[in-house]
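Enquirer: Quick one, fold the following:
(one chain, ligands or ions: 1)
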Amino acid sequence: MFRRPLDFLNSLPAHGDLVEIRLGPVRAWMACHPQVTHQVLMDPHTFDKGGPLYDRLRALMGDGLVTCRQDTHRRQRRLLQPAFRAARVAEYARLTGVEARALCRTWRPGQRIDVTAAMMALTTRVTSQVLFSGSLDAERSATVRDSLEAVVRGLFVRTVVPFDAPFRLPTPANRRYREALARLHALVAGIVAERGRDGGPRDDLLATLLQAADGTDDDPAPLDEREIQDQLVTLLLTGVETTAMCLASAFALLADHPEAERALHREADAVLTGRRAPGHADLARLGHTRRVVTETLRVSPPGWLFTRVTTRETELAGQRLPRGTTVLYSPYLLHHDPASFPDPHAFRPERWLPERAAGVPGGAMLPFSAGNRKCVGDTLAMAEATVALAAVAAHWRLRHPPHRRPAPPRPAVTLGPRSLEMICEPRRPVPES
Ligand code: HEM
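Expert: Modelled structure (predicted):
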C-alpha cells in the first residue's frame, strides 16, 4: 500500500467485493464494488467520517466541513453552500479565464515550464478569490503553494503509517511538515485579523463566515475564531491542490494522445475566436474540453482514497463489521474496474459522449464522491478546469521534453504529477477535419 498503492488497489477486486487489508496493526475493509461503495456513501450515519485519513486530517484542519462528523455536518454545509451557488461559480469561471490567459502570456515559445507549479499558482489565485476576494498577494500565494506541497506529501505517509512515534522525531521531513502547517495557519489567521480591521463589505466566503460568527436567525450558534480558521484552511487544502492536479494530469495525458489534443485545439479555436479569454457562457460549447476533464478525473482522480469509520455494528457485503471498523473506498479502484470501463487504463474522452456515458454503471464514476458528503466544490472545479484547459489550448500546445517521460504519479493525499516539466509550443489554428 505504501510503496505501490495504485497497483495494490487494482489487485484487490480479484479477492471480492469487500476485502480486508491491514494498515500496520489496524484491520480495515476496502469496498471494491460500486454497489458496496454506494451503500457506504449513502449511509453516512453508520459510515461516518473517521479512520486513519480523517483522524490525521482533523489534526490539520480541525473540524471543518471536510472532516466534521455527521452530527455537525448539516449546519456546516448550509453555512458554506451559498459560496458555491451558480451565480458565484459563473463569476469564478470568468476569473479563471482571465487568470489563465494572463498566465499563458507569460510563457515563451520553447520555454520549459513546471506545469504542476503553474496550475497550483492558478488555482491558488482562484480559490483565494472564492475565500477572501483576492487578499493573497504574490508572496502569500507562494507561501500557500509551497506549504500545501509539503503538507499533502506528509499527510499520505501519516495516513498509511498508523503509528505516531515516527512523526514525533525531529527529522527534516517532520520539521518541514510541521513548519508548513504552522505557516498555513498563520497566513489564514493574518487574513482574518486584517479583515477585522479593514471591515469593508465583501462578497466572499470569509464574509459569510464572519457573519455567522455573530450568529444568524437560522443558526444562532455563533462560530468562534478557531472554527473560521479551520473552515478556511479546509477549503484552501481541498480547493487548490485537487483542481491543479486534475489540470496537470490532463496536460500530461493530452501530450500522449494527439487525437484528443487536436480535437481540444479545434474546439478552442472555434469557440474562443480571437483567442479571447473563456468564461462561464462558453462552457456549453466546450463539450470535448469537458470530456477531457472528466476522463482525466476517471483515469487519475485527485481524490483517490478515503476512509470512513462505522459508528455501530453493521453488515456490509455479507460481512459483519463491529463498531469502530475502518472502511476505505477508492475512486481510483472503481474507475479502473474493467467491468465498468472497458480497457480502463486507456484515456478516451469519447467515453463521456452522452450516448456512451449513459452506459456507465451507476456509482462506478465517483471523482467527487456521492451522498451528502459529496464535494461541495464539484461544479466550481469542473468549470475551473474546463475554462483553464480551453484558455491554454487556445494559445499553446504543451509537450513532454524529448526522451523524457514524466515519472508515474506518486500518490500523496491527492493523486497527480507532483512536478511536471513540459515545453511550450505556440499553436497554429487546426484546420477543420
Ligand atoms: C477536481 C477537483 C476536486 C476533486 C476531485 C474533489 C474531490 C472531492 C471528494 C472525492 C470529496 C469527498 C471526500 C470523501 O468522501 O471523504 C470532496 C469533498 C469536499 N470537497 Fe472537493 N474536490 C475537488 C475540488 C474542490 C474544490 C474546488 C473545493 C472548494 C473550494 C472543494 C471542497 C470540498 C469540501 C468542502 C468537501 C467536503 C464536503 C462535505 O463533506 O460536505 N473540493 N471533494
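Enquirer: What residues does the stretch 1-150 of the chain have near the ligand?
Expert: Contacts of the stretch 1-150 of the chain with the ligand, taken as CB under 6 Å from any ligand atom, map to 65, 66, 77, 127, 130. To be clear about C-beta, it is placed using only N, CA and C from the backbone, and glycine gets the same treatment.
Enquirer: What's the separation between the second one and residue 47?
Expert: Residue 66 sits 16 Å away from residue 47, going by CB to CB, to the nearest Å.
Enquirer: and the stretch 251-400 of the chain, which of its residues are near the ligand?
Expert: 301-303, 306, 367-369, 373, 375-377, 380-381.
Enquirer: of all the residues you listed, which two lie farthest apart?
Expert: The most widely separated members of these, counting by CB to CB, are 306 and 380 (19.7 Å).
Enquirer: Now residue 297. Its backbone dihedrals?
Expert: Geometry field for residue 297 lists phi and psi as phi -70, psi -30, criterion degrees, to the nearest 10.
Enquirer: what's the closest non-adjacent residue to it?
Expert: Using CB to CB, 6 or more residues apart in numbering and skipping the chain neighbours, the partner closest in space to residue 297 is residue 367 (3.8 Å).
Enquirer: what's that neighbour sitting at in phi/psi?
Expert: Backbone geometry at residue 367, expressed as degrees, to the nearest 10, gives phi -60, psi -30.
Enquirer: which residues sit in contact with it?
Expert: Applying CB atoms under 8 Å, 6 or more residues apart in numbering, one finds that residue 367 lies in contact with 294, 297, 298, 301, 302, 303, 331, 335.
Enquirer: cool, residue 426 as well?
Expert: 109, 395, 396, 397.
Enquirer: Please look at the first one and residue 424 and confirm they touch.
Expert: Right, residue 109. Yes - taking CB atoms under 8 Å as the definition, residue 109 is a contact partner of residue 424 at 6.3 Å.
Enquirer: Of these two, which one has the most company?
Expert: Neighbour comparison, residue 109 and residue 424: the larger count goes to residue 424, with 20 against 9 (by other CB atoms under 10 Å).
Enquirer: Doesn't that one belong to a strand?
Expert: Yes - remark: residue 424 belongs to a strand, assigned using DSSP: H, G, I helix; E, B strand; the rest coil.
Enquirer: ok, it to residue 141 distance?
Expert: For residue 424, the distance to residue 141 under the criterion CB to CB works out to 22 Å.
Enquirer: Same question for residue 103.
Expert: Applying CB to CB, the value for residue 103 to residue 141 is 12 Å.
Enquirer: Mutual contacts of those two, please.
Expert: Overlap between the neighbourhoods of residue 103 and residue 141 consists of residue 121, taking contacts as CB under 8 Å, 6+ apart.
Enquirer: okay, the closest residue to the ligand within the stretch 301-433 of the chain: pLDDT?
Expert: Distances from the stretch 301-433 of the chain to the ligand, computed as CB to the nearest ligand atom, single out residue 377 as the nearest residue at 2.4 Å. According to the predicted model, the pLDDT of residue 377 comes to 95.
Enquirer: count of neighbours near it?
Expert: A count of nearby residues for residue 377, using other CB under 10 Å, gives 22.
Enquirer: any idea how far it is from residue 174?
Expert: Here the distance between residue 377 and residue 174 works out to 30 Å (CB to CB).
Enquirer: sorry, back to before: of the residues of the stretch 251-400 of the chain next to the ligand, which belong to strands?
Expert: Using DSSP state E, the subset of those located in strands is residue 306.
Enquirer: Surely residue 269 is in a helix?
Expert: Yes - residue assignment for residue 269, taken from three-state DSSP, places it within a helix.
Enquirer: number of nearby residues for it?
Expert: Look at residue 269: counted by other CB under 10 Å, it has 18 neighbours.
Enquirer: Pick out the one among the residues of the stretch 251-400 of the chain next to the ligand with the largest number of neighbours.
Expert: Counting by other CB under 10 Å, residue 301 has the largest number of neighbours within these, with 28 neighbours.
Enquirer: Closest residue of the stretch 151-300 of the chain to the ligand?
Expert: Distances between the stretch 151-300 of the chain and the ligand by CB to the nearest ligand atom are smallest at residue 239, namely 2.7 Å.
Enquirer: sorry, back to before: which ones among the contacts of residue 426 are found in strands?
Expert: The strands in this structure, assigned by DSSP E, contain 396, 397 from the contacts of residue 426.
Enquirer: mind exporting stretch 349-366 as CSV, just the C-alpha atoms?
Expert: This file holds the C-alpha atoms of stretch 349-366, laid out as CSV (Å, rounded to 0.1, in the frame of the first residue of the first chain):
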residue,chain,number,x,y,z
PRO,A,349,-12.6,11.3,-23.6
GLU,A,350,-15.2,9.9,-26.0
ARG,A,351,-16.4,7.6,-23.3
TRP,A,352,-18.3,10.7,-22.0
LEU,A,353,-20.3,11.4,-25.1
PRO,A,354,-23.9,11.4,-23.8
GLU,A,355,-24.9,8.3,-25.6
ARG,A,356,-22.0,6.3,-24.3
ALA,A,357,-21.9,7.8,-20.8
ALA,A,358,-25.4,6.5,-20.3
GLY,A,359,-24.0,3.0,-20.3
VAL,A,360,-21.6,3.6,-17.3
PRO,A,361,-22.9,1.7,-14.3
GLY,A,362,-24.3,3.8,-11.5
GLY,A,363,-21.8,4.5,-8.8
ALA,A,364,-18.8,3.5,-11.0
MET,A,365,-17.6,7.0,-11.6
LEU,A,366,-17.1,8.9,-8.3
